[in-house]
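J.: Quick one, structure for this:
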Amino acid sequence: MLTILRNRLLRVPDKLHIIIIAVVIIPLVIGAVIYFSGTIKSPYKIAFISNEDAPLVNNESIQIEQMNEQPALSTLVMGKYNAFVEATEDNKFTVTTYKDDSFKKTIESFFESGKLPVNHNAAKRGIGTSILGVVLLIALMQGVALTTFYPDDRNKSTFKRMMMSPLTSRQYLVAQGMFTFSCLFVPTYFVILVMKVCFKTDVGFGLGTLAGLLIIATALATAFSLFMASVMNRNISLATSGISILTCLQAGCLFNYDSENKWLNAVTNILPQKPFMTLSQGIEGGQTFFDFPWQISYIVGWIIVLWLAASLITNKKVQNGIH
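T.: Sure, this is the predicted structure:
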């Protein structure tokens, strides 16, 4: 396995553009996300649909824009508005939002009483959780790019020659996984460390806790990239990016998301990103890793299943002479 790792390092100049994006550009993007997440305090943005003039209360926590027609639902997805509120004939308010029930009740309470609940920030996503949501999405997309040597070895028959040596396909995948994991974890943790220590930016977690959460996120991204690279021969990066974006949006990595469709919620709850975001938000709220045994076990289970699937698929293809 050390030979494979050494081989990866020697071949870095051949894929320098990919490595630069992975270990320089992406960390810089993450650094920018951290900086702006720590400096921008965004209020709730509400679209109030009514044909009658109404006194609107705006403050640092909530901004209301009155209009005659409901905006497109895409404005909720894109974050232009956090919710639509429409008054009913019995002086009640209908709230439409993609955020969770606690947020919906907060907005309902505000329009009915004119005040936000005292604990309205309790369920609000923190800076650290928002940062980790972006990091997880980027890691899932970038992991396959860092696994590029694996498809290259297959296409050039280098992998087939390696399998004629004492090296096994499982050992090869472990070595490739170590390389991918290191290239994802080290630069990401380093840039967050610099932002926290040198620029005094709030990242929501202590450095030790952050390292633990990043290990989980990058291990999941590594296992996913090995699985995708083992299953597919072409357009791996395109397929992985599409799956990563769709599943991360659905799981609420970029914003709290809660659908009224029970089938859609059932699919969402299967995704490993969902318990990761629950874990991150809970720890940022003051709990510990020990308070989330189910979430951690579930994510680790996904990591193991993805890695074993990649190993079994690769081994089967080797036995059938495909690789």
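J.: Averaged pLDDT, the longest helix that the chain contains. What do you get?
T.: Criterion DSSP state H: the longest helix present in the chain is helix 169-197. The average pLDDT within helix 169-197 is 91.
J.: what's the answer for stretch 132-144, then?
T.: 92.
J.: cool, and stretch 73-90?
T.: 81.
J.: Any idea how far apart the tips of that stretch sit?
T.: Stretch 73-90 has an end-to-end distance of 25 Å (CA to CA, to the nearest Å).
J.: what does it rub up against?
T.: Identification of contacts with stretch 73-90 by CB atoms under 8 Å, 6 or more residues apart in numbering yields 44-50, 54, 64-65, 70-71, 93-99, 103-104, 107, 111, 255. The way it works is simple: take the backbone N, C-alpha and C, and place the C-beta from them, glycine included.
J.: can you pull out the strands in this protein?
T.: Along the chain, counting by DSSP state E, strands occupy 44-49, 62-67, 83-87, 93-96.
J.: nearest to L5, of these?
T.: Of all the strands of the chain, the one in closest proximity to L5, counting by CB to CB, is strand 44-49 (48.5 Å).
J.: quick one: the closest one to chain centroid distance?
T.: Strand 44-49 has its C-alpha centroid displaced from the chain centroid by 27 Å (CA atoms, centre = their mean, to the nearest Å).
J.: cool, stretch 85-92 as well?
T.: Centroid separation for stretch 85-92 versus its chain: 36 Å, with CA atoms, centre = their mean.
J.: Check the separation of the first and last residues in that stretch.
T.: Chord length of stretch 85-92, first to last residue, is 10 Å (CA to CA).
J.: and if you look at stretch 195-215?
T.: 19 Å.
J.: What residues of that stretch count as buried?
T.: 195-196, 201, 203-205, 209-210, 212-214 (16 or more other CB atoms under 10 Å).
J.: Low-confidence ranges, this structure, go.
T.: 1, 37-42, 54-60, 116-124, 257-260, 322-323 (pLDDT under 70).
J.: can you pull the contacts of the nearest residue to G128 once chain neighbours are set aside?
T.: With CB to CB, 6 or more residues apart in numbering as the criterion, G128 has its nearest non-adjacent residue at 1.8 Å, and that residue is G204. Applying CB under 8 Å, 6+ apart to G204 gives the contacts 126-129, 131, 284.
J.: Quick check: G204 vs I131, distance?
T.: Distance from G204 to I131, counting by CB to CB, to the nearest Å: 7 Å.
J.: And for D153?
T.: 34 Å.
J.: one step back: relative to D14, which of the strands of the chain is closest?
T.: Here strand 44-49 is closest among these (CB to CB), at 47.3 Å.
J.: who's in contact with the closest one?
T.: Residues contacting strand 44-49 (CB under 8 Å, 6+ apart): 54, 56, 61-71, 75, 80-87, 107.
J.: can you do 10 Å?
T.: Applying CB atoms under 10 Å, 6 or more residues apart in numbering, the contact partners of strand 44-49 are 54, 56, 58, 61-71, 75-76, 79-87, 93-97, 99, 103, 106-107, 110-111, 116, 120, 124.
J.: thought Q287 was touching L279?
T.: Yes: counting by CB atoms under 10 Å, Q287 does reach L279; the two are 9.0 Å apart.
J.: Tell me which of the two has more neighbours.
T.: Regarding Q287 and L279, a neighbour count based on other CB atoms under 10 Å identifies L279 as having more, with 24 against 12.
J.: what sits against that one?
T.: 129, 132, 212-213, 216, 287, 289, 291-292, 294-296, 298-299 are the contacts of L279 under CB under 10 Å, 6+ apart.
J.: Mind listing the residues bridging to the residue nearest to K104 when sequence neighbours are not counted?
T.: Computed as CB to CB, 6+ apart, the closest residue to K104 that is not its neighbour in sequence is V95, at 5.1 Å. The residues listed as beta-bridge partners of V95 by DSSP bridges are V85.
J.: picking up where we left off before, show me which of the contacts of G204 is closest to A251.
T.: Distance ranking of the contacts of G204 against A251, using CB to CB, places T129 first at 12.4 Å.
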